[in-house]
Every structure is written in structure tokens, then in C-alpha cells.
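K.L.:
Just need the structure, nothing else, for what follows:
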Amino acid sequence: MLAPLRHHTFRRIWFASLISNLGSLVQGVGVAWAMTEMSRSADRVALVQTALGLPVMLIAIPAGAIADLHDRRVVALISLGIALAASATLAILAWLGLLTPDLLLGLCFAAGCGTAMLGPAWQAAVGEQVPAEALPAAVALNGISYNIARSAGPAIGGIIVASAGTVAAFAFNTISFVPLFAALYLWKRASERSRLPPERLGHAILLGVRYITNSPPIMIVLVRTVIFGLVSGAILALLPLVVRDRLLGSAPTYGVMLGAFGLGAILGAANISLVRERLSSEAAMRCCALSMAAGIAVLALSHTPFLAAFGLVLAGTGWTLSWTLLNIGVQLSAPRWVAARSLAAYQAAASGGLAVGSWGWGHLTDIAGVETALLVAASLMLSSPLLGLRFRMPSVGEGAEEGSLLEDPQVRLPVRGRDGPVVIEIEYRVEQKNAPQFRQEMLELRLVRQRNGAYGWSIARNMADPEIWIERYHFHTWHDYLRQRNRSTLAERALEDGVIKDYHFGPGKVRVRRTIERVLLGE
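P.N.:
Numbers count the residues shown, from 1 in each chain. All right, here's what the predicted structure looks like:
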């Protein structure tokens with residue numbers, strides 16, 4: 001579990017992120033309590049979580065494309081700058097007494113924009129800081145970092161808010177960014193320069209979306225992420241109201257409750273390796289749902305801080321285990337070239353689910369009360385394992401391990417990078433008795449082609465010679481085709497080689513035709 005900390009870069013960034021997470025949680029207490037004091041509306045209080053999470057849903061995919069196209073270290077530094085500026089502005093306005101509910105929500109949204117930009121670059125960079133075998137532990141350690149901060153930060157935040165006010169909490173968070181800035185600045189990232197020019201941003205976003213939608217394991221994880229976020233968002237969105245209205249507590253009590261939730265989160269993150277070793281992903285998610293359902297129900301029915309804290313420990317354990325399992329599911333299903341975009345989609349799904357869920361639970365609380373809203377959330381969480389009947393969590397392994405680079409094909413026609421569209425035709429000879437199985441394998445191969453950049457895929461059969469099948473697909477430019485050749489993972493190449501080995505029979509190898517439909521003029 002601690003193996004990733006042996007790597008100097010990861011260790012330095014991890015400790016710096018721990019300090020930054022601590023500051024964020026301290027500010028989170030200040031923001032939530034400031035809104036609780038400024039407004040009696042449960043809807044407004046819950047909207048704080050929405051304002052923090054909504055930007056991730058809106059701009060995560062472009063942020064992921066930027067992180068894949070540019071130096072992830074530089075992207076992370078710029079993103080931190082945005083978050084720091086929002087935090088500093090929040091502190092200044094609060095100090096001057098100019099902070100209003102609307103300004104508070106707006107600055108939370110701005111801080112969320114910085115988080116949205118930072119997340120994909122940061123998480124995708126973990127794979128560059130540790131070897132592949134240490135990646136699951138590194139992901140879990142990042143979760144532990146956040147939840148160590150969650151266990152101590154809210155309690156510290158409650159003390160700071162109670163003794164020095166919300167301004168001090170906002171200033172504390174602003175200062176906590178400095179170590180992470182330094183750690184990222186000192187990271188000497190070994191970037192691999194591609195021999196091909198980078199893609200344009202719009203095209204990169206489109207390719208990321210195409211990869212995700214044509215990757216069944218990632219799509220399943222994203223569906224589960226959205227639904228889990230919608231239901232689990234009730235905990236943090238309604239906790240300030242539980243503390244204020246049911247426990248009759250103040251800011252320190254709220255900090256202690258968040259600390260209990262963070263303690264459970266640490267217990268969950270610390271046991272992620274054991275859980276993954278003994279349980280499948282689906283079985284682990286079921287156990288997490290049961291733990292969270294019990295914790296939410298206890299929180300809904302509690303009238304004492306001790307009982308509420310016990311429920312929050314149960315909920316926190318399932319919370320972190322679930323998010324870590326979903327995160328690992330994406331990280332180990334996406335190759336490096338699209339890692340940030342895949343993680344951005346995961347973050348968008350998570351934040352979108354939490355943001356919409358937080359608003360929905362706040363609205364329900366205004367209508368039916370906090371106890372009813374939490375009991376409804378507990379019931380939905382208890383029934384969530386039924387999702388496994390239709391969207392079973394994929395087994396994660398080495399499916400995203402990248403293959404070796406291929407040489408460019410030899411062509412006699414002078415071709416420039418932007419020339420195209422390029423049409424690829426592959427001719428197979430298949431015995432007629434194997435035709436149904438071959439066609440089924442080709443449908444799986446279609447997903448590989450499409451998620452790696454091809455479009456217009458088709459498979460046709462020769463009417464004069466039924467043993468001849470022709471696979472046909474397109475690329476917008478010659479550069480797009482060259483990029484695709486080096487994007488296939490080992491598993492995808494094994495599928496392609498298996499189709500040829502199992503179904504194609506002589507004479508000779510499969511025939512590959514590369515043609516170009518038109519050439520751009522005026523270059």
C-alpha cells in the first residue's frame with residue numbers, strides 16, 4: 001500500500017497535496033457555515049455543494065483534452081492559480097464584509113473551475129510518477145490524502161471558524177496552495193515528444209468522446225458513477241442542516257461530524273488493496289452500498305452527536321471505497337493517450353451526479369424535512385446493487401497496457417499530414433462455416449477501430465466469392481491514421497491478431513489497401 005511513496009516525485013506531491021486538501025476542507029467548513037448563517041433556506045445551503053461540483057461536470061472533458069495535449073505539469077500549475085485566485089477573493093470580500101450568498105456561490109463556482117482543470121491533469125499524471133504495478137495503490141493513497149485531511153481538516157476548520165471567523169478559514173486555504181505549487185514546479189516531468197504534431201483541441205475532445213462511448217467498461221463505470229453521485233450527495237449536502245437543526249450544534253460540531261466521516265473514509269481507503277484482493281469490483285460495490293445505506297439511515301434517525309458520528313464513520317468507509325473502485329476502474333481501462341480525457345469524463349460524471357443530487361436533496365428537504373430526505377437516500381442506496389444486473393462493474397486488469405510503436409507504412413504517393421480522408425480496406429478470406437463467428441468478432445473489432453479514431457466503419461461480403469470479406473474504415477487525415485496505428489493496446493492488438501489467425505486462410509496474409517479520397521489544396 002505504501003510502495004508508491006518510495007518514488008520521490010510522488011511522495012513530494014502527495015505530502016503537498018495533503019496540505020492543500022487540508023486547506024480545502026477548512027475552507028469547506030467556512031463556506032458551508034457562512035451560507036448557513038446568511039440563509040435559512042435548505043436549498044441555498046445545499047447549492048454550495050452544487051456550485052463546487054457543477055464546473056467539473058461542465059468543463060472536465062475540455063480540461064482532459066488539454067491535459068492530454070499539453071504538459072500536464074503546466075496545466076496543473078495554471079489550474080491551481082485559478083483556484084488560489086478564487087480563494088483569495090473570497091477571503092478579501094469576507095474581510096471587507098461584502099460577501100453575499102450570491103457572491104459566495106459564484107466564488108465557489110470559480111474555485112470549482114480550478115478544480116475541474118486540475119483534476120484530469122493531476123490524476124493522469126499519477127501514472128507518470130509511479131510504475132504501472134503501483135498505480136492502484138497510488139490512486140488509493142491519493143484518496144487517503146484527501147480523507148486524512150477530511151478527518152482533521154473539518155475539526156480544525158470548525159475551531160478556526162468558531163474562534164477567528166470565516167475569513168481566517170479562507171485565508172488558511174489560500175496559503176495551503178503554496179506547497180503544492182512548489183512541488184509541481186520542482187517536478188521534472190519526462191515528457192515524450194511525439195513525432196506527429198498535436199491534435200487540435202476540438203478534434204481531441206471529439207476523439208475522447210468517441211473513445212469513451214466505444215469502450216463498454218468505461219461506459220459502465222460512468223453510469224455507476226452518476227447514479228452513485230446522485231444518491232450519495234445527500235450526505236454532505238444535508239449534513240450542515242443535521243448539525244444545526246437536529247443536533248443543535250455549531251461550527252465546531254459540524255467540523256467534528258465531518259471528521260467522523262473522514263475517519264471512516266480513511267478506514268475505507270486504507271483497506272482498498274485488501275478489498276480488491278478478496279472481492280470482485282461488483283461485490284465490493286455491493287458491500288459499500290450496504291455500509292453507506294446503514295450509515296445514512298443512522299444519521300437520519302440520530303439525535304445525539306455520538307450516534308450521528310457512528311453513522312458517518314459507516315458512510316465514510318463505503319464512500320471512499322466506492323469512489324476509489326470507480327476511479328481505478330477508469331484508470332486501468334484507458335491507455336495513456338486518452339487517460340486524462342477518460343478521467344475527466346469520470347470526474348464530470350461524479351461531480352455532475354453530486355451537484356444535481358445535492359440540489360435535489362436540498363429541494364426535497366425544503367418540502368419534507370431532513371429526516372425524510374435522508375431516509376429516502378438510504379433506501380435508494382440500499383437498492384443500488386440492483387444496478388449490477390444491467391451494469392455489472394468490469395474486471396480491471398491489464399487491458400490498457402500499451403503496445404510498442406509501429407513503423408509508418410511505406411507509400412509511393414507523396415502524402416502530407418493533413419491530406420485526406422484516408423480509407424483503409426482489409427480483405428479477409430474466411431471459410432463459410434466460420435462466417436457467423438467471424439462477423440461477431442468483427443463487431444468487437446469495430447469498437448477498437450472507432451475508439452482509436454476511425455469513422456465510417458463497415459464490413460462487406462463479396463457476392464461473387466462469399467469467402468471474401470472486406471473491412472473498410474476512414475480517417476480524416478494521414479496524421480490521424482498514423483496516430484491510430486500506435487494507439488492500440490496489447491489487448492486490442494491481440495484481438496486483431498486473433499481474428500486473422502483464427503479465421504483468415506491463405507493464400508498469403510490479409511490484403512491491406514490504403515487509399516486517399518482527396519488532397520487538401522493550397523498548402
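
K.L.:
Can you classify the residue of the chain positioned farthest from its centre by secondary structure?
P.N.:
For the chain, the C-alpha farthest from the mean C-alpha position belongs to residue 464; by Cα atoms, centre = their mean, that distance is 50.0 Å. For residue 464, the reduced secondary structure class is coil; criterion used: DSSP: H, G, I helix; E, B strand; the rest coil.

K.L.:
buried set for stretch 291-306?
P.N.:
In terms of neighbour count (16 or more other Cβ atoms under 10 Å), stretch 291-306 has its buried residues at 291, 292, 293, 294, 295, 296, 297, 298, 299, 300, 302, 305. For glycine as for every other residue, the C-beta is placed from the backbone atoms N, C-alpha and C.

K.L.:
The second one and residue 265: what is the separation?
P.N.:
Distance, residue 292 to residue 265, by Cβ to Cβ, to the nearest Å: 11 Å.

K.L.:
Find the residues that touch each one of these two.
P.N.:
residue 319 (Cβ atoms under 8 Å, 6 or more residues apart in numbering).

K.L.:
Among the buried residues of stretch 291-306, list the two that are farthest apart in space.
P.N.:
In the buried residues of stretch 291-306, two members sit farther apart than any others by Cβ to Cβ. They are 293 and 305, at 21.2 Å.

K.L.:
Grab the nearest non-local neighbour of residue 444.
P.N.:
Nearest-residue entry for residue 444: residue 495, 6.4 Å, with adjacent residues in sequence omitted and distances by Cβ to Cβ, 6 or more residues apart in numbering.

K.L.:
With only the CA atoms kept, save the helix or strand harbouring the one you found in CSV.
P.N.:
Mapping residue 495 onto the secondary structure by DSSP states H and E places it in helix 490-503. Listed next in CSV are the C-alpha coordinates belonging to helix 490-503 (Å, rounded to 0.1, in the frame of the first residue of the first chain):
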residue,chain,number,x,y,z
LEU,A,490,-1.8,-5.0,-26.3
ALA,A,491,-5.3,-6.4,-25.7
GLU,A,492,-6.6,-4.7,-28.8
ARG,A,493,-3.7,-5.9,-31.0
ALA,A,494,-4.3,-9.4,-29.6
LEU,A,495,-7.9,-9.2,-30.7
GLU,A,496,-6.9,-8.1,-34.2
ASP,A,497,-4.2,-10.8,-34.5
GLY,A,498,-6.6,-13.4,-33.2
VAL,A,499,-9.2,-12.6,-35.9
ILE,A,500,-6.6,-13.1,-38.6
LYS,A,501,-5.1,-16.2,-37.0
ASP,A,502,-8.5,-17.9,-36.3
TYR,A,503,-10.5,-17.1,-39.4
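
K.L.:
Show me what it is packed against.
P.N.:
In this structure, helix 490-503 packs against strand 422-429, helix 435-451, with contacts taken as 3 or more Cβ pairs under 8 Å, 6 or more residues apart in numbering; DSSP states H and E.

K.L.:
tell me which residues in the next helix-or-strand element following that helix are buried?
P.N.:
For helix 490-503, the following helix or strand on the C-terminal side (DSSP H and E) is strand 511-516. Along strand 511-516, the positions that meet the burial threshold by neighbour count (16+ other Cβ under 10 Å) are residue 516.

K.L.:
Now do strand 511-516: everything it contacts.
P.N.:
Contacts to strand 511-516, defined as Cβ under 8 Å, 6+ apart, come from residues 409, 411, 413, 415, 419-427, 478, 481.

K.L.:
Residue 347 reaches residue 119, doesn't it?
P.N.:
Yes. Using Cβ atoms under 8 Å, residue 347 is in contact with residue 119, at 4.9 Å.

K.L.:
overlap in contacts of these two?
P.N.:
56, 60.

K.L.:
re the thing from before, quick one, which of the helices and strands packed on helix 490-503 is nearest to residue 141?
P.N.:
Between residue 141 and the helices and strands packed on helix 490-503, the tightest spacing by Cβ to Cβ is seen for helix 435-451, at 29.6 Å.

K.L.:
what's the angle between the closest one and helix 490-503?
P.N.:
Angle between the axes of helix 435-451 and helix 490-503 is 150 degrees (criterion: axes from the mean of the first three to the mean of the last three Cα atoms, to 10 degrees).

K.L.:
Next SSE downstream of helix 435-451?
P.N.:
Taking DSSP H and E as the definition, the helix or strand that follows helix 435-451 towards the C-terminus is strand 455-461.

K.L.:
buried ones in that following strand?
P.N.:
Buried residues in strand 455-461, counted by 16+ other Cβ under 10 Å: 457, 459.

K.L.:
Likewise for stretch 70-85?
P.N.:
Neighbour-count burial for stretch 70-85 flags 70, 72, 73, 75, 76, 77, 79, 80, 82, 83, 84 (criterion: 16+ other Cβ under 10 Å).

K.L.:
Does the host helix or strand of residue 350 pack against any helices or strands, and if so which?
P.N.:
Assigning secondary structure by DSSP H and E places residue 350 in helix 339-368. With contacts defined as 3+ Cβ pairs under 8 Å, 6+ apart, helix 339-368 has these neighbours: helix 42-69, helix 101-129, helix 201-213, helix 216-241, helix 305-331, helix 370-383.

K.L.:
What angle do helix 370-383 and that helix make with each other?
P.N.:
Using the same axes, to 10 degrees, helix 339-368 lies at 140 degrees relative to helix 370-383.

K.L.:
tell me the mean pLDDT for helix 339-368?
P.N.:
In this model, helix 339-368 has a mean pLDDT of 84.

K.L.:
Which positions within that helix qualify as buried?
P.N.:
Using 16+ other Cβ under 10 Å, the residues of helix 339-368 that count as buried are 339-362, 364-365.

K.L.:
Rebuild the helices and strands packed on helix 339-368 as CSV, extending it with distance to residue 446.
P.N.:
Converted to CSV, the helices and strands packed on helix 339-368 look like this (distance: least, Cβ to Cβ, whole Å):
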stretch, distance to residue 446
helix 42-69, 23
helix 101-129, 27
helix 201-213, 12
helix 216-241, 12
helix 305-331, 22
helix 370-383, 35
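
K.L.:
show me the contacts for the spatially closest residue to residue 241 that is not a sequence neighbour.
P.N.:
The spatially closest residue to residue 241, leaving aside those adjacent along the chain, is residue 370, at 5.0 Å (Cβ to Cβ, 6+ apart). Under the criterion of Cβ under 8 Å, 6+ apart, the contact list for residue 370 reads 42, 238, 241, 242, 245, 246, 300.

K.L.:
ok, so what distance separates residue 370 from residue 243?
P.N.:
Relative to residue 243, and taking Cβ to Cβ, residue 370 is found at 10 Å.

K.L.:
ok, now residue 443?
P.N.:
Distance, residue 443 to residue 243, by Cβ to Cβ: 54 Å.

K.L.:
okay, these two: which has more neighbours?
P.N.:
Taking residue 443 and residue 243 together and counting by other Cβ atoms under 10 Å, residue 243 has the greater number of neighbours (26 against 10).

K.L.:
hang on, the more buried one packs against residue 255?
P.N.:
No. Using Cβ under 8 Å as the test, residue 243 is too far from residue 255 to be in contact (9.3 Å).

K.L.:
The nearest residue to residue 327 once chain neighbours are set aside: how many residues sit nearby?
P.N.:
Leaving out its chain neighbours, the residue that sits closest to residue 327 by Cβ to Cβ, 6+ apart is residue 139, at 5.6 Å. Neighbours of residue 139 under the rule other Cβ under 10 Å: 25.

K.L.:
No further queries at this time; thank you.
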